[in-house]
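[1] please work out how this folds:
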Amino acid sequence: MNLAYGRRTRRLLSIMILLTLFVFFYILAVWNSNGYGNREFGKGDRIALKITKETESSILTNLKFETHHKFNNGLNPSELEPQVLELCDTRYTDYTPCQDQERAMNLPRENMVYRERHCPREEEKLHCLIPAPKGYITPFPWPRSRDYVPYANVPYKSLTVGKDVEDWVQLKGNLFSFPGGGTMFPQGADAYVEELASVIPLTDGSIRTALDTGCGVASWGAYLLKRKILTMSFAPREFHGAHIQLALERGIPAVIGVLGTIKLPYPSRAFDMVHCSECLIPWTSNDGMYMMEIDRVLRPGGYWILSGTPINWKENYQAWNRSRNELQEEQRKIEELANLLCWEKKYEKGDTAIWMKKTNGSSCQTSNGFSMRICTNEEEDDVWYKNIQPCITPSLQPDSSDGNPGGQLKKFPDRLFAFPPIISEGYLQGVSVEAYMEDNKLWKKNVKTYKRINKLIGSFRYRNIMDMNAGLGGFAAALESPQTWVMNVVPTVSERNTLGIIYERGLIGIYHDWCEAFSTFPRTYDMIHADSVFSLYQNRCKMEGILLEMDRILRPEGMVIIRDNVDIVIQIRRLANGMRWNTRLLDHEDGPLVPEKVLIAVKKYWVSNETASSNR
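    Here you go, the predicted model:
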């Protein structure tokens, strides 16, 4: 009897233990799925689902606009029903339309033409939704994302081939890790940045915007962020991997790009610092036009850093398997071009050299017997699909009394709301100081409303943010936070070219035409803001095409904010509901009588049904 009693007791105890474990792991699963465990957000992010439900603004759920508004395009109520879009084949999981690998194979190799933008024709475009890979999860919040990326999000083991020994990127279990190393900074990117700081003032706010050419996984930009320096990193779409995709998964600003035959999509005098770490750009070829293009985007008083070939050729020529004479001549030409561009050499040690662009160097262009053409004003910022020109970009004010052409910029963060010299000195027609102040006031009010709708805006939940029609940069300035960064896009069809203002404020951005795909991988932005984008592109390209591109670059459970005329917003909402987006329509901040409305949307979580290949 005692024996039977003991067996029943042990059996009951075992059942209780199993039940306890079951409850424990169930609670843990719910905890993590809701985004609370370690402040991470996994698949099925419940917080994203609450965004469209919890709002203090007036949601226009009862109004039937088709009975109160006349649609300019003649839509009738039956046409407002959602048209559900099909899913793309799983082979398009990482599709980059304008950097398609198959198309690139048939293009010339000379001057990197095959790695530049080559977009599909209208009849070649996909009209389906790009799937996320199976197992995809929301990236870790910053700053943990800097060091770890889920392998399921970028399932390419080839990314670590030849890189793990250099400490660029390593695969550990189901995570990519980024030790911060690189070819030219074996002691780590942080130590490398400290070396640069011995020459360049990286901590006082005078250096705010940087450009990293051929960035790899963008570790240089990652470690500049803690010094409040925003880096625009770019690298080509590789055949063997996806470094730019990794950079964006890490929460670092980056785009697919290459320095080839076409001008960089940035304004003149934009960056405080430009960097090349073994970026393999042939700086002295084509009459030095690549260095001239760097000079175009480098602000007077800014710094150019070259780390790697051919610097320190005396020590490295054998390891590089190149002749001493060849490398010596290559560095001589670089030094010669630098003098022609009025760059003063400030530092050379080991594999790194640093030049500073003089603030008033109009007399340099005839040095060493060379005479170089000065670019015209029209050539400076007319960059979209325009060839790089072998000419030198002039300063805005060659005889500026303060020695800084274009006016003195304030240090960051004062730059953010100070009057940009482009405006205060009248270089941009149609934008006054008063208009700039009103724009700042407007966007502070609008962003305050956005945060009331979704209290997580400005937090670690939304790291990578895009403003599709940035204007003067007011939205990004009002959002400015170490937790987030904004890619400010100035459409090429805009009435005014305002991207120079955005950079003078200490923000970053890019030119783009929204009739084409953006130069990024799928699922690289947490939040997209579109102010009057669809009005701007009305009669230029299809609304559905722009929405499909937004869906391609938006992460599952990412957020979209669209502001536009009510008739346009109604059409957008119909299309968005067919794209697996949850939508809510809101009144304008100033009330229901204002014809502009705000559409809030959250992209649903869904992934490919096919298991990702284990050896891609």
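[2] in stretch 229-236, what counts as buried?
    By 16 or more other Cβ atoms under 10 Å, the buried positions in stretch 229-236 come out as 229-236. All C-beta spots, glycine's among them, are computed from the backbone N, C-alpha and C.
[3] now do that stretch: everything it contacts.
    The contact list for stretch 229-236, computed with Cβ atoms under 8 Å, 6 or more residues apart in numbering, reads 99, 112, 115, 202, 207-216, 218, 220-221, 224-225, 243-244, 247, 252-258, 266, 271, 273, 275, 485, 506-508, 510.
[4] would you mark the buried spots in the helix or strand that residue 102 is a member of?
    Per DSSP states H and E: residue 102 is located in helix 101-104. Applying a neighbour-count criterion of 16+ other Cβ under 10 Å, one finds residue 104 buried in helix 101-104.
[5] contacts for that helix, please.
    114-115, 118, 120, 237, 239.
[6] highest neighbour count among these?
    Using other Cβ atoms under 10 Å as the neighbour criterion, residue 237 leads those with 23 neighbours.
[7] tell me who's in contact with it.
    Neighbours of residue 237 in contact, by Cβ under 8 Å, 6+ apart: 96, 99, 101, 104, 115, 244, 256.
[8] ok, now with 10 Å
    Residue 237 makes contact with 94, 96, 98-101, 104, 115, 243-245, 256-258, 519-521, according to Cβ atoms under 10 Å, 6 or more residues apart in numbering.
[9] out of the residues you listed, which sit inside strands?
    residue 256 (DSSP state E).
[10] now, of the contacts of residue 237, which are buried?
    Here, 16+ other Cβ under 10 Å leaves 94, 96, 98-100, 104, 115, 243-245, 256-258, 519-521 buried among the contacts of residue 237.
[11] among these, which are located in helices?
    Using DSSP state H, the subset of the buried ones among the contacts of residue 237 located in helices is 104, 243-245.
[12] hey, which helix or strand in this structure has the poorest pLDDT?
    Within the chain, no helix or strand scores below helix 46-51, which has a mean of 47 by mean pLDDT, DSSP states H and E.
[13] torsion angles phi and psi at residue 352?
    phi -120, psi 140 (degrees, to the nearest 10).
[14] that one: what's it in contact with?
    Contacts of residue 352 (Cβ under 10 Å, 6+ apart): 184-185, 192, 195-196, 199, 277, 305-308, 311-312.
[15] and the least confident of those?
    Among these, residue 184 has the lowest pLDDT, at 72.
[16] report how many residues lie close to that one.
    Neighbours of residue 184 using other Cβ under 10 Å come to 21.
[17] on that earlier part again, between the buried residues of stretch 229-236, which is nearest residue 592?
    residue 230 (38.2 Å; Cβ to Cβ).
[18] so what's the closest one bridging to?
    In this entry, residue 230 is beta-bridged to residue 209, by DSSP bridges.
[19] tell me the pLDDT of it.
    Looking at residue 230, the pLDDT reads 98.
[20] continuing past the helix or strand containing residue 296, what's the next helix or strand?
    If you go by DSSP H and E, residue 296 is part of helix 289-297. Scanning forward in sequence from helix 289-297 by DSSP H and E, the next helix or strand is strand 298-307.
[21] can you show me the CA trace of that following strand as CSV?
    Coordinates of the C-alpha atoms in strand 298-307 are reproduced here as CSV (Å, rounded to 0.1, in the frame of the first residue of the first chain):
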residue,chain,number,x,y,z
LEU,A,298,32.9,67.4,-50.0
ARG,A,299,32.2,70.6,-48.1
PRO,A,300,35.1,73.2,-48.0
GLY,A,301,36.9,72.5,-44.7
GLY,A,302,35.9,68.9,-44.9
TYR,A,303,38.2,65.8,-44.8
TRP,A,304,39.0,63.0,-47.3
ILE,A,305,40.4,59.8,-45.7
LEU,A,306,42.1,57.2,-47.8
SER,A,307,43.0,53.9,-46.0
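[22] now the element after that strand, going C-ward?
    Taking DSSP H and E, what comes next after strand 298-307 is helix 313-316.
[23] low pLDDT regions in the stretch 251-400 of the chain?
    361-371, 396-400 (pLDDT under 70).
[24] ok, which stretches of it are strands?
    254-256, 271-277, 298-307, 343-349, 352-357 (DSSP state E, counting those that start in this stretch).
[25] could you dump the ones you listed into CSV and include distance to residue 599?
    Shown next, in CSV, are the strands of the stretch 251-400 of the chain (distance: least, Cβ to Cβ, whole Å):
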stretch, distance to residue 599
strand 254-256, 26
strand 271-277, 35
strand 298-307, 38
strand 343-349, 48
strand 352-357, 44
